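Peer 1: Turn this into a model:
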Amino acid sequence: DGNRSFRCSKQHHQYSQQAHTIMALLRTTCSIPLLRPLQLRILLLVASFCFVIKSATCFHTRSMVSTLHRCPSVTTKATSAAETRLFGLNDIDKGFNLLETASKFVPQGKIVQTTKEGWKFVWKRMMAELAPQDKTGSYKRPSYSFGGKIGGADGRYPDEAGRYHLYVGNPCPWCHRARLVLALRSITNDEIGMTQLVDDPVKASRGGWIFSQTNRDPLGSTDLRELYDKLSPGFTGRCTAPLLVDLKTRKIVSNESSDIVRMLNSVHMGKKNSKERIELYPSELAKTIDETNAWVYELLNNGVYRCGFSTSQGAYDRASADVRQGLQKCEEILSKQPFLCGDRFTESDLMLLPTVLRFDGAYSPLFKAGGVHVRLRDYPALFAWLQRCWDMDGVRDTIDLADATSSYYRQLFPLNAGGIIPTPITPEDIGLSS
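Peer 2: Numbering: from 1, shown residues only. Sure, this is the predicted structure:
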């Protein structure tokens with residue numbers, strides 16, 4: 001009737017004004033120099049396009065459904081079918097329903113390509129926030145500014161029991177290195193204290209580590225950023241763990257895992273020769289250990305992260321090839337001897353162990369390190385080495401493997417945007433016997 005026609009005409013006019021306003025805004029923003037890059041235009045276009053098409057679809061659909069309701073010859077069933085087809089009702093979520101509706105106005109290929117480019121741009125920006133990138137899309141691990149040493153020649157940090165505290169997080173492989181040294185060398189909490197951090201970037205003020213009710217900071221901080229601010233006022237870098245702190249002077253000794261491992265191997269805690277402790281860096285193997293550490297880090301420790309944090313195909317391909325080379329090199333060495341540097345467990349084995357333990361649960365499936373099909377059992381000698389390490393006193397108490405691997409899926413949301421966490425992997429799932 002006349003009133004209905006007037007309302008439809010008015011609604012159509014309002015829709016047209018909305019569309020023209022949005023497109024004018026898009027043209028205006030793209031004229032601003034800061035917003036001229038193609039990626040930003042694509043992002044704005046995607047948002048505007050979705051709104052305009054959805055508005056148009058809703059208007060035309062409501063008009064059609066309204067007409068159907070006015071027609072006595074059309075049954076309720078037919079009307080419901082039309083609404084379901086056009087709106088995606090009936091408890092079925094079709095998102096914006098763009099591919100069904102917008103293809104009448106814009107070719108499907110344009111919709112798909114525009115959406116892909118917009119999504120990729122946002123993903124790359126988030127990845128750069130998570131993991132710094134170079135111009136080739138390769139991950140570049142940041143360097144650290146603290147370089148203290150317990151028992152160093154400068155005398156700043158004397159080798160004393162009860163003076164130092166180590167902060168670690170279960171999921172982190174770099175923290176795992178430090179925990180392994182404490183366990184393997186039987187360094188007690190009375191000698192060097194330890195607090196386990198919780199990974200929760202939502203609650204953390206910067207970075208991802210906080211303190212829980214059961215694992216409080218002896219210095220009274222609520223998260224790792226607050227602790228950094230207390231110990232190093234004005235610090236602007238990443239608040240990372242492991243973190244070794246001198247509680248007496250309230251200074252950071254080091255937050256570099258390899259330095260912490262090396263210095264904890266040499267400490268005596270003021271009680272020389274009072275205990276028989278494992279020597280991880282024997283002088284006769286020092287050169288071999290240093291050389292082994294270098295390729296283990298480049299090909300595997302950091303190689304798996306270069307795979308996971310790559311933002312270009314070329315960067316990923318190079319990193320993945322490195323991982324495969326590293327795994328094969330380990331296999332060849334360990335097929336001839338029980339450990340990386342000979343007949344005894346050394347610092348090089350300790351450096352490799354956290355990466356290998358997390359490989360099947362996180363680095364292969366999530367980071368696609370070496371290809372998603374690669375598993376530890378593809379390397380029999382490497383797997384046998386892992387079992388030997390796992391059987392050493394104290395090793396299995398240094399990690400909750402299910403929690404560690406699940407954390408990658410929970411917290412690295414640019415790599416797992418849907419937040420779906422796979423069934424947690426256990427040592428038994430890998431094949432390790434108890």
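Peer 1: Run the chain-centre distance for stretch 130-147.
Peer 2: 14 Å (CA atoms, centre = their mean, to the nearest Å).
Peer 1: measure the closest residue in space to Arg225 that isn't next to it in sequence to Tyr228 for me?
Peer 2: In space, and not counting its chain neighbours, Arg225 is closest to Arg206: 4.1 Å by CB to CB, 6 or more residues apart in numbering. For glycine as for every other residue, the C-beta is placed from the backbone atoms N, C-alpha and C. Here Arg206 is placed at a distance of 8 Å from Tyr228 (CB to CB, to the nearest Å).
Peer 1: what's the answer for Gln387, then?
Peer 2: 38 Å.
Peer 1: Repeat that for Ser407.
Peer 2: Ser407 is 21 Å from Tyr228, by CB to CB.
Peer 1: ok so, going back, contacting residues for the residue nearest to Arg225?
Peer 2: 223, 225, 239 (CB atoms under 8 Å, 6 or more residues apart in numbering).
Peer 1: name the element it belongs to?
Peer 2: Secondary structure assignment for Arg206, by DSSP states H and E: no helix or strand.
Peer 1: Which phi and psi values does it adopt?
Peer 2: Backbone geometry at Arg206, expressed as degrees, to the nearest 10, gives phi -160, psi 140.
Peer 1: Let me know the pLDDT of it.
Peer 2: Looking at Arg206, its pLDDT reads 82.
Peer 1: residues in contact with Tyr297?
Peer 2: 258, 351.
Peer 1: How is it assigned, secondary-structure-wise?
Peer 2: With DSSP: H, G, I helix; E, B strand; the rest coil as the basis, Tyr297 sits in helix.
Peer 1: pLDDT score assigned to it?
Peer 2: 98.
Peer 1: returning to that earlier point: confidence-wise, which of the contacts of Arg206 comes last?
Peer 2: Cys239 (90).
Peer 1: And that residue, how far from Arg206?
Peer 2: With CB to CB as the criterion, Cys239 and Arg206 are 6 Å apart.
Peer 1: Sticking with the closest residue in space to Leu350 that isn't next to it in sequence, tell me its helix or strand.
Peer 2: Distances taken as CB to CB, 6+ apart place Leu180 nearest to Leu350, at 5.2 Å, with adjacent residues excluded. For Leu180, the host element (DSSP H and E) is helix 173-184.
Peer 1: and the nearest residue to Arg156 once chain neighbours are set aside, how many neighbours?
Peer 2: Of all residues not flanking Arg156 in the chain, Gly148 sits nearest, at 6.3 Å (CB to CB, 6+ apart). A count of nearby residues for Gly148, using other CB atoms under 10 Å, gives 19.
Peer 1: Stretch 139-159 spans what distance, first to last residue?
Peer 2: Stretch 139-159 stretches 36 Å from its first residue to its last (CA to CA, to the nearest Å).
Peer 1: Kindly report the same for stretch 249-265.
Peer 2: 22 Å.
Peer 1: Then stretch 202-217?
Peer 2: End residues of stretch 202-217 are separated by 19 Å (CA to CA).
Peer 1: Pull out the buried positions in that stretch.
Peer 2: Across stretch 202-217, burial judged by 16 or more other CB atoms under 10 Å covers 204, 207-211, 217.
Peer 1: Quick check: Gln213 is in a strand.
Peer 2: No - Gln213: not assigned to a strand; according to three-state DSSP it is coil.
Peer 1: how much space between it and Tyr305?
Peer 2: 31 Å.
Peer 1: got it, and Met263?
Peer 2: 24 Å.
Peer 1: what pLDDT, on average, does the longest strand anywhere in the chain get?
Peer 2: The single longest strand within the chain, with elements called by DSSP state E, is strand 192-199. For strand 192-199, mean pLDDT is 96.
Peer 1: follow-up on the earlier one: Gln387 and Tyr228: which is more packed in?
Peer 2: Tyr228 (23 against 13).
Peer 1: tell me which element the more buried one falls in.
Peer 2: Secondary structure (DSSP H and E) places Tyr228 in helix 224-231.
Peer 1: orientation of that helix relative to strand 192-199 in degrees?
Peer 2: Counting by axes from the mean of the first three to the mean of the last three CA atoms, to 10 degrees, helix 224-231 lies at 140 degrees to strand 192-199.
Peer 1: which other helices and strands contact helix 224-231?
Peer 2: strand 243-246, strand 251-254 (3 or more CB pairs under 8 Å, 6 or more residues apart in numbering; DSSP states H and E).
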